Every structure is written in C-alpha cells, then in structure tokens.
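# Generate a structure from the sequence data that follows.
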Amino acid sequence: MNKKELINQGKVKSVFTTDNDSEVIIEFRDDMTAGDGERKEVMNNKGAYNAVISAKIFKVLEENGIATQFIDLPQPNVMIAKKLEMIPIEVIVRNIATGSLVRKYPIANGTRLEPPIVQMDFKADEYHDPMLNDSIIKALGIATQEEIDTLTQKALKINEILTKFFADAGIILVDYKVEFGKDTEGNIVLGDEISPDGCRLWDSETLEMLDKELFRKGKDDEVMDAYIEVYNRILTDDEKVI
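Predicted structure coming up:
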C-alpha cells in the first residue's frame, strides 16, 4: 500500500492517505519530544520500537474485545490503520500516584489508587492540554455525556487487560494515556498508539523506569535501552522484527 497525501504531522508520527479511503498509513518517526515539543531529539529506531509495541498491544486488546484502528504492520515503523475522526481528548488512567498528580494534589508519590483515576485532558498544544470535566467537554461540543461514559468504560477495560498483560511481563502499569476516534459508522474505536511514549512503566522488582519519563529527566542514554527492554519482555521471539 502506497502513501499518498500527508494528512497530519504530529510531534512523533506522520499520517498519510492511501488508495483506500477508509484506511491511513501511520509512520512512526524516531523523534522524541517533551514539554509540548519544546525539547526534541532523534533516537535511532525509536519509531520502529514504538510501532511494534503498539501493534502487539492493539492485538492483545482486540483479542479481549476492544476495537482498535490497527490493521497491519507491513514495516517495523509503519502501521496501516482504519481512518478515524479523532476525538480531541486524552484519556489518562492512573493506577499509582506520581508525576503531575502529586505535584498538583496532596497525594503521596507511589500511592496505589483504588479505584484507578480516570482523567480527561483537552488535546490542544496551544492550550497546554488542560484538564477537562464533563461540563467543559459538553460546552466545547467535543462529546456527549453518553460518549464520555463510553470513553471512561473503554479506558477502564483497557486498564484491566493491560495491567495483567504487563504484570505477566514483570512490569507495573503505573499510568497511561489513550486516544479514541469515530469510524465511518460512528463507533468509538481506540486509536493512535500505546507505547512507552504514553505509559509510565516500572520494573516490578526494582521499580526502575522503562518509559519516556527517562527522557523528561534528561537520562537520554537510558531511553532506548528501556524501550528495547519492554519490547523484549512483551513480544515472543517469533513476533520480533527489529
């Protein structure tokens, strides 16, 4: 399948039209960014590792009843996906308190959150992705109450599946963000990616970070080792393509 027209170029991915109007090609680039894109580096094969990890996770979710936009991975850094009208909401699920949550609220770092916190942020760099509530979402016309409830239910189901999936690989799923879109029939479908770029992942025994937080903390030389460690733990030898 050939790329045709560039639809969108985000901070780390490029999306292209194809000869099939219902599908897109998502190219995972080697860019690494932080601080709304203010800091940027290029890391060898980072895009490929994220794409393969995302593809594996999407397959696991599909097997457990979560519809995703994933179709195929013809190259390690190239994903063929269903075309979606993306909803401009980042849905964040937090299992353990850390990061911005402990900076903004009187919750001790490392506190296990039961039940998990579901947070929704407005996906808009120019506004620095502010937190939303149901009333603001509806005032902006982003989603109806029924759709908000669907996003919450799907995010919690994903959390249930992935918490166990990562635990089986010796990894704690601390928190993560997901994005959803609507397909041609109006169904809400999981899109974008789920990778160490958008998850906090800690080693179950050492609590060492295995995600983008290393880059945020300036530990650039440790980032790719962490991503590769996640890749090696969650994929079988037959699934490894890098």
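
# Now do the same for the nearest residue to residue 159 once chain neighbours are set aside: helix, strand or coil?
Closest residue to residue 159 in three dimensions, ignoring its sequence neighbours and counting by CB to CB, 6 or more residues apart in numbering: residue 93, at 4.7 Å. Quick note: C-beta positions are derived from backbone N, CA and C, even for glycine. Three-state call for residue 93 (DSSP: H, G, I helix; E, B strand; the rest coil): strand.

# tally of neighbours for residue 93?
24 (other CB atoms under 10 Å).

# for this structure, what spans make up the helices?
Using DSSP state H, the helices of the chain run over 46-63, 100-104, 134-140, 145-167, 213-216, 220-234.

# where does the residue sitting nearest the centre point of the chain land on pLDDT?
In the chain, the residue lying closest to the centroid (CA atoms, centre = their mean) is residue 194, at 3.2 Å. Model confidence at residue 194, given as pLDDT, is 98.

# do you know how far it is from residue 93?
Separation of residue 194 from residue 93 (CB to CB, to the nearest Å): 11 Å.

# Overlap in contacts, the two.
Common contacts of residue 194 and residue 93 (CB atoms under 8 Å, 6 or more residues apart in numbering): 176, 178.

# quick one: low-confidence ranges for the protein?
Scanning the chain for pLDDT under 70 picks out 1.

# Count the residues that sit near residue 231.
21.

# Ignore what I typed, I meant residue 160.
13.

# Who are the contact partners of it?
Per CB under 8 Å, 6+ apart, neighbours of residue 160: none.

# if I look at the nearest residue to residue 40 once chain neighbours are set aside, how far off is residue 212?
Once flanking residues are discounted, residue 40 sits nearest to residue 33: 4.9 Å by CB to CB, 6+ apart. Noted for residue 33: a distance of 9 Å to residue 212, by CB to CB.

# and if you look at residue 116?
For residue 116, the distance to residue 212 - CB to CB - is 20 Å.

# Please say which of these two ends up with more neighbours.
residue 212 (23 against 19).

# Nearest residue to the more buried one in space, please, no chain neighbours.
Nearest non-adjacent residue to residue 212 (CB to CB, 6+ apart): residue 197, at 5.1 Å.

# My guess is the one you found contacts residue 50. True?
Yes - between residue 197 and residue 50 there is a contact under CB atoms under 8 Å: 5.8 Å.

# neighbour-wise, which of those two wins?
The residue with more neighbours, out of residue 197 and residue 50 and counting by other CB under 10 Å, is residue 50; that gives 29 against 24.

# any idea how far the more buried one lies from residue 228?
11 Å.

# go on, residue 110?
Counting by CB to CB, the gap from residue 110 to residue 228 is 26 Å.

# neighbour-wise, which of those two wins?
Using other CB under 10 Å, the more surrounded residue of residue 110 and residue 228 is residue 228, with 16 against 12.

# can you tell me which residues contact that one?
Residue 228 neighbours (CB under 8 Å, 6+ apart): residue 49.

# can you tell me how far it sits from residue 63?
24 Å.

# in stretch 178-194, what's buried?
Within stretch 178-194, the residues scored as buried using 16 or more other CB atoms under 10 Å are 178-183, 188-194.

# Next, format those residues as TSV and append distance to residue 130.
Output for the buried residues of stretch 178-194, formatted as TSV (distance: CB to CB, whole Å):
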residue	distance to residue 130
178	18
179	16
180	19
181	21
182	23
183	27
188	22
189	25
190	23
191	21
192	19
193	22
194	23
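
# OK, contacts around residue 166?
172, 173, 201, 234.

# So which of these sit within strands?
172, 173, 201 (DSSP state E).

# By neighbour count, which of those residues wins?
Going by other CB under 10 Å, residue 201 tops the ones in strands among the contacts of residue 166 with 26 neighbours.

# Fine by me, thanks again.
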